[in-house]
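# sharing a model prediction with you, sequence too.
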Amino acid sequence: MEIKILGTGCPKCKSLERLTRNTVAEIGIDANISKVEDIMDIMKYGIVSTPALVIDEKVVMYGRLPSTNEIKKFLTQ
């Protein structure tokens, strides 16, 4: 599984990265997690606000900070 956190480095973006990494470790899935901070790369995904969570090149959430349970649902669907 390929997971990307899109965000320029704001506190919510950093929180999403931390929550995602913790959730991946908690449920024990094999995933590569990367942080995309370049605004030009973020714009390629067509989102209008950050942070955003991208799983296998599909934007599953953007513009807010999801709960741990929401992240679990995104990862197991």
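Ah, there it is. Numbering: from 1, shown residues only.

# and the helix or strand where residue 75 lies, what does it pack onto?
If you go by DSSP states H and E, residue 75 is part of helix 68-76. Under the contact criterion of 3 or more C-beta pairs under 8 Å, 6 or more residues apart in numbering; DSSP states H and E, helix 68-76 touches helix 11-27, strand 52-55, strand 58-62. Where you see a C-beta, it was placed from the backbone N, CA and C, and this is true even at glycine.

# and with 10 Å instead?
Secondary-structure packing of helix 68-76 (3 or more C-beta pairs under 10 Å, 6 or more residues apart in numbering; DSSP states H and E): strand 2-6, helix 11-27, strand 52-55, strand 58-62.

# looking at those, which is closest to residue 34?
Among these, the nearest to residue 34 by C-beta to C-beta is strand 2-6 (5.4 Å).

# which strands border the closest one, and is each parallel or antiparallel?
strand 32-36 (parallel), strand 52-55 (antiparallel) (DSSP bridges).

# what does the helix holding residue 75 rub up against?
With contact meaning C-beta atoms under 10 Å, 6 or more residues apart in numbering, helix 68-76 is reached by 1, 3, 16, 19-20, 22-24, 26-27, 29, 31, 53, 55, 58, 60-61, 64-67.

# the same query, at a cut-off of 8 Å, please.
1, 3, 19-20, 22-24, 27, 29, 31, 53, 55, 60-61, 66 (C-beta atoms under 8 Å, 6 or more residues apart in numbering).

# also stretch 31-41?
1-9, 13, 17, 20-21, 24, 42, 54, 75.

# what about it, start to end distance?
21 Å (C-alpha to C-alpha, to the nearest Å).

# next, the buried residues of that stretch.
31, 35, 36 (16 or more other C-beta atoms under 10 Å).

# pLDDT for the residues you listed - can I get that in CSV?
Below are the buried residues of stretch 31-41 laid out as CSV (pLDDT from 0 to 100):
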residue, pLDDT
31, 95
35, 97
36, 97
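
# circling back: mind putting the helices and strands packed on helix 68-76 into CSV with mean neighbour count and mean pLDDT?
Listed next are these as CSV, based on neighbours: other C-beta atoms under 10 Å; pLDDT from 0 to 100:
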stretch, mean neighbour count, mean pLDDT
strand 2-6, 21, 97
helix 11-27, 16, 95
strand 52-55, 21, 97
strand 58-62, 16, 97
